[in-house]
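> Just a sequence and a predicted model for now, questions to come.
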2 protein chains.
Amino acid sequence: MSAHVNQQRLWDSLMRLAEIGKTAKGGVGRIALTDLDRQGRDLFCTWARDAGCEIRTDRIGNIFARRPGRNPDAAPVVTGSHLDSQPLGGKFDGAFGVMAGLEVIRALNDAGIETEAPIEVVDWTDEEGARFAAGCIGSAVFAGMRPLDEALALIDADGISVETALDEIGYAGAAAVGDIDFKAYFEAHIEQGPILEAEGLPIGAVLGAQGQRCFMVTLVGEDGHAGTLPMAKRHDAFMAAAEMSLTLEALASTYEPAAVITVGHVRVVPNSRNTVPGRCVFSIDSRHPDEDTLERMEAEMTGTMQAIADRRGVALEVAPVTRAAPVAFNPVCIDAVRQACQARQVRFIDMHSGAGHDACKIAKVAPTGMIFVPCERGISHNEAENARPEDLATGAQVLLDVMLATANN
Amino acid sequence: MSAHVNQQRLWDSLMRLAEIGKTAKGGVGRIALTDLDRQGRDLFCTWARDAGCEIRTDRIGNIFARRPGRNPDAAPVVTGSHLDSQPLGGKFDGAFGVMAGLEVIRALNDAGIETEAPIEVVDWTDEEGARFAAGCIGSAVFAGMRPLDEALALIDADGISVETALDEIGYAGAAAVGDIDFKAYFEAHIEQGPILEAEGLPIGAVLGAQGQRCFMVTLVGEDGHAGTLPMAKRHDAFMAAAEMSLTLEALASTYEPAAVITVGHVRVVPNSRNTVPGRCVFSIDSRHPDEDTLERMEAEMTGTMQAIADRRGVALEVAPVTRAAPVAFNPVCIDAVRQACQARQVRFIDMHSGAGHDACKIAKVAPTGMIFVPCERGISHNEAENARPEDLATGAQVLLDVMLATANN
């Protein structure tokens, strides 16, 4: 029993969807719970109904499109992602996961295949967090990681709440959030990183998501005159930050390829050309798929930074900002993805997700896996985001095979 | 023939002067050509006249107070500095040089000593450059390094010209600028650096001023997602800047103690915690007393930065911003300072000035020397600027001895 995705149909659907919120540079700006988001949701619902699905919307606005199975009491096998985007986002982040799910249903229809368990495609509300300063709102509430009332009360910069915005676009559904069990959840997504493209591989079998620990570091040395203060007498906060940053970079490289450490934000005070900086604040974003390793990395970072600060006579303060534990996907789901690749002779690698996804939330309440496809130069959250039609089709085909196998298992 | 400065009188004069423009934290805010500057000038003129001096003001507002010599045709031996300050400056920067000159005259009067050549004390207009965005205005015009018309036409943030401001405070003098030859010029000044205090030495015999070369460096790498972009695939502009900065620091240290290199200004783009920086702009301020060494340092800097940029796959642009040649003071003047110290058994070291001074301009047109005294922790351009009465008196005494010897030579 086999079904084949239609590469052109998948691509055309993505391009049609990308017309909604199209930006000047060919990207997409379809911010959650705006009228553009409504148009995207409406189009998805229309296409899903045309494909024979029943639509159910829950109170946080998550939309579930169900293709019935032979056994109406069986827990559905679910796929999906999100239709909202960054303000200057791309055509594929999120949209691919939803359209791939739709293509799975269309291809099953084409092949006349009935599954044992129902197949569902979900559009999770506001994954991007571009409007309400919290991401993965729909999936987090679904997974019980954020209370519904709290999520509905989140407000945007204009003071408009999620609840009001949902009402305004007509997607404040009646269904209780999280009232259905998933047999399994699979999410297809562009990698948003450069690994698959660089390796020339069409599929990543995602093992889970990296844990993340972020810190803000404050260094206090002593201001000084750039002309009169000899090098040996300086307590230069920026030079301390520079040395620490290079040490962090080297440290991450010792845990390669899984570890990444980023110094993305740097503020020098007084930031004057002819003053030795007395103060420097910088951020550390450290990520690794393994909690113990993250812990070791933190200890190493702290120790090495303290040593540098002491040697340079600079005061060091390290304040934790964010701490997210790694997410491990379900071994059966991961293996199902690998087996689907092997059966089609599609080359793949096991990899971790560096970014957060709705699947990371759903993993708390359902057996979950993800399928990554390459995107051009790893660029995402950017109007230039791009992916090849054949890679997207390969991802959708693997998704179809995995869901079909799981639904009939 | 000998005269002795009066430590208490010198200190009291400095403290009385510091009442004019006194700031909340005990500093001085006496910006050039404001009414506070006028009050400072008035007080200086009153004291100078009381000490028997004739006052002459030139068209750029420089004030010369002359104590006549036996030979009215002899070129005067001149000392001085500036009475203007930074907006939140200290009580000693500039003021010490002028008050030390006044104390020289008072002490000569006390001792009943007549000199062969006249002795003059000068207050140069606007050394600090806090108002008209050009420093050393009076001394630069005097030395022929800036045309008078151009200087008079400089405007402040409110569009008020130097010419108008001089008129308003009544110090637009009639004398042509630079119409007198100096037999020699000596300027006493706080070090504005930490060396003398750290070494426990009361006097620095200043050999000249460091040359300065400043650059703005622009690095362009590639933005990336802090979670998904592996370390090995990054072109992180900030990490490149950090590595370059440390290399510059190490380079300066190889030319210690004379060389200093400062990275005072750093801008990271997009400066977001979870984005690998694609762009970084930073400043380099390099100083050394020797032009050839500055040239070698620049070549080394450029070479090492290019190597780092190439290795990291980051584009490098180095734009020159400021280029000031080193200033060498007159060997006879330097030696006169050393001899005065030796004669009084005052310990001293030869040193270079890291900051700019009016003396650096006057050195173009007259035999020039400088006398540095320690200041607390090297702090200057700051309300906390401080110096010890005994150190200031020692500096004034050396100044007196040097001027007396030069005037009678």
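Ah, there it is.

> count of residues packed around A:Val281?
18 (other Cβ atoms under 10 Å in any protein chain shown). Just so you know, the C-beta spots here come from the backbone N, C-alpha and C atoms, and that holds for glycine as well.

> I misspoke; the intended subject was A:Asp358.
31.

> quick one: it and A:Val78 touch, right?
No: applying Cβ atoms under 8 Å, one finds A:Asp358 not in contact with A:Val78, separated by 10.7 Å.

> Now do the same contact list for the closest residue to chain B within the stretch 1-150 of chain A.
Chain B sits closest to A:Asp93 of the stretch 1-150 of chain A, with a gap of 11.0 Å, by Cβ to the nearest Cβ. By Cβ atoms under 8 Å, 6 or more residues apart in numbering or on different chains, the residues touching A:Asp93 are A:85-86, A:189-190, A:192, A:380-381, A:385.

> Name the SS class of it, please.
For A:Asp93, the assignment made with DSSP: H, G, I helix; E, B strand; the rest coil gives coil.

> neighbours of A:Glu256, just the number please.
For A:Glu256, the tally of surrounding residues (other Cβ under 10 Å) stands at 11.

> pLDDT score assigned to it?
As predicted, A:Glu256 sits at a pLDDT of 74.

> which residues touch it?
B:230-232.

> Can you add neighbour count and distance to A:Ala242 and give the residues you listed back as a markdown table?
Formatted as a markdown table, the contacts of A:Glu256 follow (neighbours: other Cβ atoms under 10 Å in any protein chain shown; distance: Cβ to Cβ, whole Å):
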| residue | neighbour count | distance to A:Ala242 |
| --- | --- | --- |
| B:Pro230 | 20 | 22 |
| B:Met231 | 22 | 17 |
| B:Ala232 | 10 | 21 |
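
> Need the residues you listed in JSON lines (columns: distance to chain A, secondary structure and pLDDT).
Output for the contacts of A:Glu256, formatted as JSON lines (distance: Cβ to the nearest Cβ, whole Å; DSSP: H, G, I helix; E, B strand; the rest coil; pLDDT from 0 to 100):
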{"residue": "B:Pro230", "distance to chain A": "5", "secondary structure": "coil", "pLDDT": "92"}
{"residue": "B:Met231", "distance to chain A": "5", "secondary structure": "helix", "pLDDT": "95"}
{"residue": "B:Ala232", "distance to chain A": "6", "secondary structure": "helix", "pLDDT": "93"}
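
> Give the burial count for the closest residue to chain B within the stretch 251-400 of chain A, as a bare number.
Chain B sits closest to A:Gly354 of the stretch 251-400 of chain A, with a gap of 3.1 Å, by Cβ to the nearest Cβ. Neighbourhood size, A:Gly354 [other Cβ under 10 Å]: 25.

> Could you do A:Glu385 as well?
Neighbours around A:Glu385, by other Cβ under 10 Å: 25.

> List the buried residues for stretch A:100-112?
Buried residues in stretch A:100-112, defined by neighbour count with 16 or more other Cβ atoms under 10 Å in any protein chain shown: A:100-108.

> can you tell me the distance between the two ends of stretch A:45-63?
8 Å (Cα to Cα, to the nearest Å).

> Can you name the residues in contact with it?
Contacts of stretch A:45-63 (Cβ under 8 Å, 6+ apart): A:13, A:33, A:41, A:44, A:64-68, A:102, A:105-106, A:109, A:121-126, A:137-139, A:141-142, A:148, A:151-152, A:162, A:166, A:171-179.

> Those residues of the stretch 51-200 of chain A touching chain B, which are they?
Within the stretch 51-200 of chain A, the positions lying close to chain B (Cβ under 8 Å from any Cβ of the partner chain) are A:191-195, A:198.

> ok, which pair from those residues is furthest apart?
A:Gln192 and A:Ala198 (13.7 Å; Cβ to Cβ).

> more crowded one of those two?
The neighbour count for A:Gln192 versus A:Ala198, taken as other Cβ under 10 Å, is higher for A:Gln192 (24 against 14).

> neighbours of A:Ala384, just the number please.
13.

> try A:Pro72
Neighbourhood size, A:Pro72 [other Cβ under 10 Å]: 9.

> With the one 10 residues further on instead?
When neighbours are counted by other Cβ under 10 Å, A:His82 registers 31.

> Give me the nearest residue to the closest residue to chain B within the stretch 51-200 of chain A, chain neighbours excluded.
In the stretch 51-200 of chain A, the residue that lies nearest chain B is A:Gly193 (3.0 Å; Cβ to the nearest Cβ). Closest residue to A:Gly193 apart from its sequence neighbours, by Cβ to Cβ, 6 or more residues apart in numbering or on different chains: B:Thr228 at 3.0 Å.

> For the one you found, give me its contacts.
B:Thr228 makes contact with A:191-194, A:353-355, A:378, A:380 under the criterion Cβ under 8 Å, 6+ apart.

> let's see 7 Å
Contact analysis of B:Thr228 by Cβ atoms under 7 Å, 6 or more residues apart in numbering or on different chains lists A:191-193, A:354-355, A:378.

> Would you state the strands of the stretch 1-150 of chain A in chain order?
Assigned strands in the stretch 1-150 of chain A, in chain order: A:54-57, A:63-67, A:77-81, A:119-123 (criterion: DSSP state E, counting those that start in this stretch).

> that older thread, taking the contacts of stretch A:45-63, please make a ChimeraX selection of just the buried ones.
Only the buried entries of these go into this ChimeraX selection, using 16+ other Cβ under 10 Å:
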select /A:13,33,41,44,64,65,66,67,68,102,105,106,121,122,123,124,125,126,137,138,139,141,142,148,151,152,162,166,171,172,173,177,178
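
> and the contacts of stretch A:45-63, which of them are in helices?
Among the contacts of stretch A:45-63, the members falling in helices (DSSP state H) are A:13, A:41, A:44, A:102, A:105-106, A:109, A:137-139, A:141-142, A:148, A:151-152, A:162, A:166.
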